[in-house]
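S.K.: how would this look folded up:
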Amino acid sequence: MTATMKPAAPAAAGPVRRRGPLALAGRQGRLEITQFLRSRESVVFTMGFPVIMILIFAAIFSDEIAPGVSYTQYFITGMIATGLMTVSFQNLGIWIPIERDRGVLKRYRGTPMPKWVWFAGKVLMVVAIGVAETVLLLAVSVALFDLDLPGTAAKWLTFGWVSVLGVTACTLCGIAISSLARTARSGSAVVTPVALVLQFISGVFFVFTELPSWMQQVAALFPLKWMCQGLRSVFLPESFGAQEPAGSFELGRVALVLAAWCVIGLVLCLTTFRWTTKRDG
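M.R.: You can find the predicted model right below:
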């Protein structure tokens, strides 16, 4: 064969398909969820801790906390609130320093991807895991301890906005507090004591009105107490509001304080968040 064969012309490249903002956020959210599920320790602690605690409390306190109100009915509110705080505030406060220390955040900042997409991915992960965790906790409580679910649309609506405001505030505060950790190892040492103290003073493990008055006043400065109080209005009878420190569930104040913490958390995020460690300059 003597004829010279001409090389085939390269195929024309098709138009590059760019992903929209929502698609980018969704893809980042799926990535964050996948990474979370690959960490068995995080999955077991985050998903299992509230369930284990409600099992312990229900086994120890089998009597009624008030006529017609079981201990499970009361403590489910604290377990839901602390579960949402764990997946948002505690989880982000521990894992973001790890990603920062490993240079993951520095690489993200160097990509063309808008910075808000990374934050959106974290939020989607928190929402997905928080919903799954809450559903699991309610299912176990209903199946094993005859938990009474909210019986009206108004109570479910209250459950929704308290959870949304609470998770938003805790997520923003978790991102903000992540900047206090100097290394990956110190993240847990910074965040875990704060989370534990808030749980003990906010009515998660004890009846809130049985705590010392000064402790109640300190707890009122932080969102977890108001999350628990708002959720008590959902799972407890209306008459139980008279046993609250103010004589009612104060849903208006619950919304105001949680919204204020959303603003505070956002300001702290904007002013303190760092993409790199101090040694990176």
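S.K.: buried set for the host helix or strand of residue 192?
M.R.: Assessed by DSSP states H and E, residue 192 sits inside helix 186-201. By neighbour count on 16 or more other CB atoms under 10 Å, the buried set for helix 186-201 is 187, 188, 190, 191, 194, 195, 198, 199, 201. Quick note: C-beta positions are derived from backbone N, CA and C, even for glycine.
S.K.: What of stretch 211-219?
M.R.: Taking 16+ other CB under 10 Å as the criterion, stretch 211-219 shows 211, 216, 218, 219 as buried.
S.K.: longest single helix anywhere in the chain?
M.R.: Counting residues, the longest helix found in the chain (DSSP state H) is helix 115-145.
S.K.: for the record, mean pLDDT for that helix?
M.R.: What helix 115-145 shows for mean pLDDT is 92.
S.K.: helices or strands up against whatever helix or strand comes next after it?
M.R.: Going down the chain from helix 115-145, the next helix or strand is helix 153-177, by DSSP H and E. Packed against helix 153-177 by the contact rule (3 or more CB pairs under 8 Å, 6 or more residues apart in numbering; DSSP states H and E) you find helix 71-85, helix 91-101, helix 115-145, helix 186-201, helix 223-235, helix 251-272.
S.K.: Helix 153-177 to helix 115-145, inter-axis angle?
M.R.: 130 degrees (axes from the mean of the first three to the mean of the last three CA atoms, to 10 degrees).
S.K.: Okay, buried residues for helix 153-177 please.
M.R.: Buried, per 16+ other CB under 10 Å, within helix 153-177: 158-159, 162-163, 165-177.
S.K.: circling back: which one of the buried residues of stretch 211-219 sits closest to residue 62?
M.R.: Using CB to CB, residue 211 comes nearest to residue 62 of the buried residues of stretch 211-219, at 22.3 Å.
S.K.: Next, that closest one: phi, psi?
M.R.: Torsion angles at residue 211 (phi, psi; degrees, to the nearest 10) stand at phi -80, psi 160.
S.K.: cool, and residue 66?
M.R.: For residue 66, the backbone dihedrals (degrees, to the nearest 10) come out as phi -160, psi 160.
S.K.: just residue 147 next, same as before
M.R.: Per-residue torsions, residue 147: phi -60, psi 140 (degrees, to the nearest 10).
S.K.: ok, it to residue 192 distance?
M.R.: Residue 147 sits 28 Å away from residue 192, going by CB to CB, to the nearest Å.
S.K.: Using a markdown table, lay out the buried residues of helix 186-201 together with pLDDT and distance to residue 94.
M.R.: Formatted as a markdown table, the buried residues of helix 186-201 follow (pLDDT from 0 to 100; distance: CB to CB, whole Å):
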| residue | pLDDT | distance to residue 94 |
| --- | --- | --- |
| 187 | 84 | 4 |
| 188 | 88 | 5 |
| 190 | 90 | 8 |
| 191 | 93 | 5 |
| 194 | 94 | 11 |
| 195 | 93 | 10 |
| 198 | 94 | 15 |
| 199 | 93 | 16 |
| 201 | 94 | 21 |
